[in-house]
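**Student:** Fold the following, please.
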Amino acid sequence: MLQALGLTTEAADVYQAMLDHPGHGVDQLAKMCGLTPSRVGDCLDELGELMLVRASSEHPGQMRAVDPDVGLAEIVARQEADLAARQAELAASRAVVTRMLADRVQHRSTHGERLLGMDAIHNCLERLCRAAHTEIIGVQPGIQSADDLDAGREHDLAALARGVSMRSLFQELARRHAHIADYADVLLSHGGEVRTASTVPQRMVVVDRTHALVPIDPADNRKGALHVTEPGIVSALLELFEQAWNTAVPLGTTRPDDPQGGLTDHERGLLRLLGTGLTDEAAGQRLGLTDRTIRRQVASIMERLGASSRFEAGTKAAQRGWL
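**Tutor:** Predicted structure coming up:
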């Protein structure tokens, strides 16, 4: 019990022996407690620091145990004072942090915040992932470095462990890079979803459909990012993501070996144009074809895919790995 007050087990035993046998010297205490005289001396030093022993007036050269009603009560009182001081320090620290956060919020734009450099981006992503409740989606064009992927791995897995859904869209060429494939496999094994597409939207991360990060310079994402909370902008980014996601290929899908069963480069381009919402006339102008030719080619694609609509054709083509 006395260990809770800061005493070692041996010092507690020596103190109890001194209370039970007030006249015992060091050698007798050592014998009673199964310690060496030197170790008893160390215990007396420890008890002295806690003011549980004092010099004996009755036995010169020896120490006497201070009555527990006095000695232990003083220890408890000192610990209570220390605790009160620590609580006051904690309250002061909390107030400083609260003011700091309030200042940061005040300096941020109402609907956006510029994050300059990768450290600022990683800090923001860590904060958003830690606070995520429902969903994290991400688009990763090009090839991310192993360091960038590792920087977010711990927070991604922690979010998945909390039940947050996660959808990640990579560019098709990422399948050929081992470190990205390994990272994707980790996400999949923990309940995340990963898809790839030959063409993906700009880089973005959207958390809980309320916070989005997009690069300040799409040509160099390491320069910084814009943290956006404007509902209209976030909604537009989500719509862009969903369009790409619906025609992307789930990781693990094998592309057909027989090119005759898939699409020609021309047909792939046609489906992508129509998938952006272009009319037959507009798509024909882009490709230098008549409306009639466009309709005939679309009908041929739909027949091969067994699709009843153009949207379904785009989805099935992506799922088969034809896009």
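**Student:** which regions of the stretch 1-150 of the chain sit below the pLDDT cut-off?
**Tutor:** 1-6, 90-91, 93-112 (pLDDT under 70).
**Student:** mind listing the strands for it?
**Tutor:** 53-55, 63-65, 112-116, 135-140 (DSSP state E, counting those that start in this stretch).
**Student:** Could you list the paired strands of the second one along with their orientation?
**Tutor:** Same thing as strand 63-65. Taking DSSP bridges as the criterion, strand 63-65 forms sheet pairs with strand 53-55 (antiparallel).
**Student:** Can you list the residue ranges for helices in the stretch 51-200 of the chain?
**Tutor:** 68-107, 118-131, 146-161, 178-189 (DSSP state H, counting those that start in this stretch).
**Student:** and the ones you listed as TSV, adding mean neighbour count and distance to residue 197?
**Tutor:** Heads up, the C-betas are built off the backbone N, CA and C, glycines and all. Output for the helices of the stretch 51-200 of the chain, formatted as TSV (neighbours: other C-beta atoms under 10 Å; distance: least, C-beta to C-beta, whole Å):
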stretch	mean neighbour count	distance to residue 197
helix 68-107	11	37
helix 118-131	16	23
helix 146-161	16	19
helix 178-189	16	14
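**Student:** ok, now which ones touch the closest residue to residue 248 other than its chain neighbours?
**Tutor:** Nearest residue to residue 248 in three dimensions, chain neighbours excluded: residue 195, at 3.7 Å (C-beta to C-beta, 6 or more residues apart in numbering). Applying C-beta atoms under 8 Å, 6 or more residues apart in numbering to residue 195 gives the contacts 167-170, 245, 248-251.
**Student:** Next, format the helices of the stretch 51-200 of the chain as a markdown table and append distance to residue 14.
**Tutor:** Formatted as a markdown table, these follow (distance: least, C-beta to C-beta, whole Å):
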| stretch | distance to residue 14 |
| --- | --- |
| helix 68-107 | 13 |
| helix 118-131 | 49 |
| helix 146-161 | 48 |
| helix 178-189 | 56 |
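**Student:** Let me know which of those helices is the nearest to residue 9.
**Tutor:** Nearest of those to residue 9, taken as C-beta to C-beta: helix 68-107 at 16.2 Å.
**Student:** Just checking the distance from stretch 80-90 to the centre of its chain.
**Tutor:** Distance of stretch 80-90 from its chain centroid, counting by C-alpha atoms, centre = their mean, to the nearest Å, is 32 Å.
**Student:** Would you mind listing the residues in contact with the residue of the chain most remote from its centre?
**Tutor:** In the chain, counting by C-alpha atoms, centre = their mean, residue 58 sits farthest out from the average C-alpha position, at 66.5 Å. By C-beta under 8 Å, 6+ apart, the contact set of residue 58 is 23, 64.
**Student:** how close does it sit to residue 22?
**Tutor:** 8 Å (C-beta to C-beta, to the nearest Å).
**Student:** Now do the shared contacts for the two.
**Tutor:** residue 64.
**Student:** related to what we said a few turns ago, winner for burial among the strands of the stretch 1-150 of the chain?
**Tutor:** strand 135-140 (a mean of 22; mean count of other C-beta atoms under 10 Å).
**Student:** neighbouring contacts of that strand?
**Tutor:** Residues contacting strand 135-140 (C-beta under 8 Å, 6+ apart): 129, 156, 159, 164-171, 174, 200-209, 238, 241, 244-245.
**Student:** quick one: strands adjacent to it?
**Tutor:** strand 165-171 (parallel), strand 204-207 (antiparallel).
**Student:** quick one: it to helix 178-189, angle?
**Tutor:** 160 degrees (axes from the mean of the first three to the mean of the last three C-alpha atoms, to 10 degrees).
**Student:** I'd like the distance from strand 135-140 to the chain centre, please.
**Tutor:** 13 Å.
**Student:** Check stretch 165-172 too.
**Tutor:** 17 Å.
**Student:** Just the C-alphas of it, formatted as PDB.
**Tutor:** Only the C-alpha atoms of stretch 165-172 are listed here, as PDB (Å, rounded to 0.1, in the frame of the first residue of the first chain):
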ATOM      1  CA  SER A 165     -15.100   3.800 -45.900                       C
ATOM      2  CA  MET A 166     -12.200   4.600 -48.200                       C
ATOM      3  CA  ARG A 167     -12.200   4.700 -52.000                       C
ATOM      4  CA  SER A 168      -8.900   5.300 -53.900                       C
ATOM      5  CA  LEU A 169      -8.600   5.900 -57.600                       C
ATOM      6  CA  PHE A 170      -5.200   5.500 -59.300                       C
ATOM      7  CA  GLN A 171      -4.000   5.900 -62.800                       C
ATOM      8  CA  GLU A 172      -3.800   2.600 -64.800                       C
END
